[in-house]
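J.: sharing a model prediction with you, sequence too.
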Amino acid sequence: MIAILGTGKMGEALLSGLLRAGARPGEVLATARRAERAADLRERYGVQVVSNTEAAKTADTLILAVKPQDMASLLTEIAPHVPGDRLVVTAAAGITTSFVESRLGGEIPVVRVMSNTPVLVDEAMSVISAGAHASEAHLERTENLLRPVGKVLRIPESQQDAATALSGSGPAYFFYLVEAMVDAGILLGMPRAAALDMVVQSVVGAAIMLRDSGEHPVILREAVTSPGGTTISAIAELERHSVRAAFLAAIEAARDRSRQLAAG
């Protein structure tokens, strides 16, 4: 039995992914703060929506998907009800395994996960790190939960804040880029729908090329960049406006914010 405690956007994305991957609704519990949200989850997914304490008592694996600022109160609520043989997976940005372990007490195995919203289309990037009491078997259980909805990578927990900034927030950067490119198409006289189609397909095609070719992105970019051509003119403008430096600074800022969330 798997329980997802906190079914906001990411919690619901994980819930729907588990069900698409073959989990039966009767094998998954969910929790929600509001009665109307609970009713919506029951109607949409057929899962049982229970209290946090009931979920903690019942499920073998607990996925904690509440907002970082709500994690301490959730742990205080469920700590008396979590047996030592439970696997606890924390999926909140900035929340360390030691934070969870110290509030649950005992030697409960905790695995930290940072996933992203493409879990909704089974293309998530999930990175996992073991806590002090999590074994190889616990990591494998976590990987088995996440692998049907995307790629899973193990990293040291010291790199989790960087992963949050890079892949956890990463989809938003691409959506921002697409938005800017579509606006550019409109500026050049393209209808919005046509501009969106062209940009989206270009992004999807480029991503598949990058993933499947094994080539470094510099090699792929240079293949499109003819001497004196249109692409190098565009690249020169991006460099003149320090777009590369802006990305570095933005992702570093996201990493710093993840650390701030952990510090409370």
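T.: That came in fine, so what should we check first? The shown structure was predicted, so the numbers you read here are calculated from the model rather than taken from an experiment.

J.: so how far is the lowest-mean-pLDDT helix or strand in the chain from its chain's centroid?
T.: The weakest-scoring helix or strand in the chain, judged by mean pLDDT, DSSP states H and E, is helix 9-20 (a mean of 87). Distance of helix 9-20 from the chain centroid (Cα atoms, centre = their mean, to the nearest Å) equals 11 Å.

J.: name the helices or strands packed onto that helix?
T.: Using 3 or more Cβ pairs under 8 Å, 6 or more residues apart in numbering; DSSP states H and E as the contact criterion, the secondary-structure elements in contact with helix 9-20 are strand 2-5, strand 28-31, helix 35-45. From N, CA and C alone the C-beta is placed, and that goes for glycine too.

J.: hmm, try it at 10 Å
T.: For helix 9-20, the elements it packs on are strand 2-5, strand 28-31, helix 35-45, strand 61-64, strand 124-130, helix 136-146, judged by 3 or more Cβ pairs under 10 Å, 6 or more residues apart in numbering; DSSP states H and E.

J.: give me the residues contacting the second one.
T.: Pointing back at strand 28-31 there. 1-7, 11-12, 14-15, 18-19, 37-38, 41-42, 45-56, 58-59, 61-63, 65-66, 74, 78 (Cβ atoms under 10 Å, 6 or more residues apart in numbering).

J.: as a whole number, average confidence for that strand?
T.: Over the span of strand 28-31, the pLDDT mean works out to 94.

J.: ok, back up a step: need the helices and strands packed on helix 9-20 in a markdown table with distance to A262 and mean neighbour count, can you?
T.: Output for those, formatted as a markdown table (distance: least, Cβ to Cβ, whole Å; neighbours: other Cβ atoms under 10 Å):
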| stretch | distance to A262 | mean neighbour count |
| --- | --- | --- |
| strand 2-5 | 19 | 26 |
| strand 28-31 | 23 | 25 |
| helix 35-45 | 27 | 14 |
| strand 61-64 | 14 | 25 |
| strand 124-130 | 13 | 23 |
| helix 136-146 | 20 | 17 |
